[in-house]
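Novice: from the sequence below, what's the structure:
(chains A and B)
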Amino acid sequence: MRIITITCPECGTVVAANELEANRTMKCPGLGCEHVLRFDDMAESERGYFLDHREQYRL
Amino acid sequence: MKGLVLAGGTGSRLRPITHTGPKQLVPVANKPVIQYGIEDLRDADITEIGVVLGNKGREEIQAFLGDGSAFDVDITYIIQGEPLGLAHAAGCAREFVGDDDFVMYLGDNILKQGIGEFVESFRSGDYTAGIALQAVGNPQQFGIADVTEDGTVSALIEKPDDPPRDLALIGIYVFSPAVFDAIEQLEPSWRGELEITDAIQALIDDGEAIDSHVVEGWWKDTGKPEDILDANRLVLEDTPGERAGTIAEGAEVTGRVALAETATIGEGAVVRGPVTIGPETTIGQETYLGPYTAVGANCHIENAHVENSVIVGDSEITANETIVDSLLGRGATIRSAEGLRPAGQRLVIGENSNLKL
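Specialist: Next up, the predicted model:
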């Protein structure tokens, strides 16, 4: 299974695509980081793959 | 080499304690469980550590560990979100790990002897992965490894009816980055998770060499209340007692008793180690604190008999009762019902609580 993540460019915190997709837009969960992460920031190919297989990323 | 501490999971087997906090922060001998893993990695000279967090207790764990500097390590957080399995947690760390090898450590495990020998065993050969094992008396209830005479793993078997060996996987692994390709090939198991044992089996099937290391000394998975008490007993067994606090004249203190600087054992109290007592805690008169008890910070105990128990902190126990083999969550109070009418016990019990009266 392809595991897709995004890394905050400001603090290096890694967020799994399933978490980001659930929120679409979220404040970076890194300690004290104010950066905003967006599902749309991910590469189009990764977003497309994730959305095509989203059931795999849910329990 | 990097470290990866897995700190997700719901902690359902530790309810109600985990209704209000993550299982990785439940204290054993007055130290949160996750701290043991962080310190084991640091003691093996692994200071770049990724901590994988789920949806539960994320902020509490981050507040406790911070950036890692308090523990002489550098922590990067990896948000897994849904608990999609250990292999998914590892896979989320691919970018963090890069081209390094890494140790994966379940954040609710405690080992007596640390991981130094385990890491050395992996480094001494040309291995793709290494697994820590321990002999167990009930191998049917564990993932079991079949190993050759030289310690190379030949197969993993999940909860076998007829186990070929009694060597169980204990939740500590070391991997080369090759594991990420194996994880990418996995499909979710029947329970919807990516299983790390499937990833290791895939490496074995591809002809990769997998090291095994049998861990001497005890190991505990602290998933259940009785496991917390067991781990607390085992850690206290090895903990030197440093009596930095105040012991009043007329108090009787014997054995190894770790007493925080701002803790007090009052006149008439009897404390028999091994025991640990946290800061700002008072052990008052007519109290007996028996072996294998850990009392956290800001507690007051008076008139009670407490033995083989973990009191997390901020508690008041003043009932003239005997409390044994117990785990008390933060802020719990046990006071006397004497003189109250109608006579009887008065309980405010959270969901999933477990009492024996």
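
Novice: from here on, just use CA atoms for contacts and neighbour counts.
Specialist: Fine.

Novice: the helices in the stretch 51-200 of chain B, which residues?
Specialist: B:58-65, B:86-92, B:94-97, B:116-123, B:178-184, B:196-205 (DSSP state H, counting those that start in this stretch).

Novice: pull the first one out as CSV, backbone CA atoms only.
Specialist: Coordinates of the C-alpha atoms in helix B:58-65 are reproduced here as CSV (Å, rounded to 0.1, in the frame of the first residue of the first chain):
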residue,chain,number,x,y,z
ARG,B,58,-1.2,13.7,20.7
GLU,B,59,-0.9,17.1,22.4
GLU,B,60,-0.1,15.5,25.8
ILE,B,61,2.7,13.5,24.4
GLN,B,62,4.1,16.5,22.6
ALA,B,63,3.8,18.6,25.7
PHE,B,64,5.8,16.0,27.7
LEU,B,65,8.5,15.2,25.2
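
Novice: contacts for it, please.
Specialist: Helix B:58-65 is contacted by residues A:Leu31, B:Gly21, B:Pro22, B:Gln24, B:Leu25, B:Phe71 when judged by CA atoms under 8 Å, 6 or more residues apart in numbering or on different chains.

Novice: buried ones in that helix?
Specialist: Neighbour-count burial for helix B:58-65 flags B:Arg58, B:Glu59, B:Ile61, B:Gln62, B:Leu65 (criterion: 16 or more other CA atoms under 10 Å in any protein chain shown).

Novice: how about the spatially closest residue to B:Gly37 that is not a sequence neighbour, what does it touch?
Specialist: Closest residue to B:Gly37 apart from its sequence neighbours, by CA to CA, 6 or more residues apart in numbering or on different chains: B:Gly107 at 6.3 Å. B:Gly107 sits next to B:Val5, B:Leu6, B:Ala7, B:Gln24, B:Val33, B:Ile34, B:Gly37 when contact means CA under 8 Å, 6+ apart.

Novice: so which of the residues you listed belong to helices?
Specialist: Judged by DSSP state H, the contacts of B:Gly107 include B:Val33, B:Ile34, B:Gly37 as members of helices.

Novice: the last one and chain A, how far apart?
Specialist: B:Gly37 sits at a distance of 20 Å from chain A (criterion: CA to the nearest CA, to the nearest Å).

Novice: what sits against that residue?
Specialist: Contacts for B:Gly37 (CA under 8 Å, 6+ apart) come out as B:Val5, B:Tyr105, B:Leu106, B:Gly107, B:Asn109, B:Ile110.

Novice: where in the stretch 201-350 of chain B is pLDDT low?
Specialist: For the stretch 201-350 of chain B, no stretch is flagged by pLDDT under 70.

Novice: where does it get nearest to chain A, residue-wise?
Specialist: In the stretch 201-350 of chain B, the residue that lies nearest chain A is B:Ala202 (13.4 Å; CA to the nearest CA).

Novice: what does chain A have sitting close to chain B?
Specialist: Proximity of chain A to chain B is confined to A:1-5, A:12-16, A:18-19, A:29-31, A:56-59 under the rule CA under 8 Å from any CA of the partner chain.

Novice: which among these end up buried?
Specialist: For these, buried by 16+ other CA under 10 Å: A:1-5, A:12-16, A:18-19, A:29-30, A:56-57.

Novice: for chain A, see how far away the spatially closest residue to B:Phe102 that is not a sequence neighbour is.
Specialist: Spatially, and ignoring its direct neighbours in sequence, B:Phe102 is nearest to B:Lys2 (4.5 Å; CA to CA, 6+ apart). The spacing between B:Lys2 and chain A, counted by CA to the nearest CA, is 15 Å.

Novice: show which residues not belonging to the lowest-mean-pLDDT helix or strand in chain A make contact with it.
Specialist: Lowest on mean pLDDT, DSSP states H and E among the helices and strands of chain A sits helix A:17-23, with a mean of 84. For helix A:17-23, contacts defined as CA under 8 Å, 6+ apart pick out A:3-6, A:26, A:37-39, A:50, A:54, A:57-58, B:79-82.

Novice: hmm, 6 Å instead?
Specialist: For helix A:17-23, contacts defined as CA atoms under 6 Å, 6 or more residues apart in numbering or on different chains pick out A:Ile4, A:Thr5, A:Phe39, B:Gly81.

Novice: give the pairing partners of the helix or strand following that helix; include direction for each.
Specialist: Downstream of helix A:17-23, the next assigned helix or strand under DSSP states H and E is strand A:25-27. Neighbouring strands of strand A:25-27 in its sheet, by DSSP bridges, are strand A:36-38 (antiparallel).
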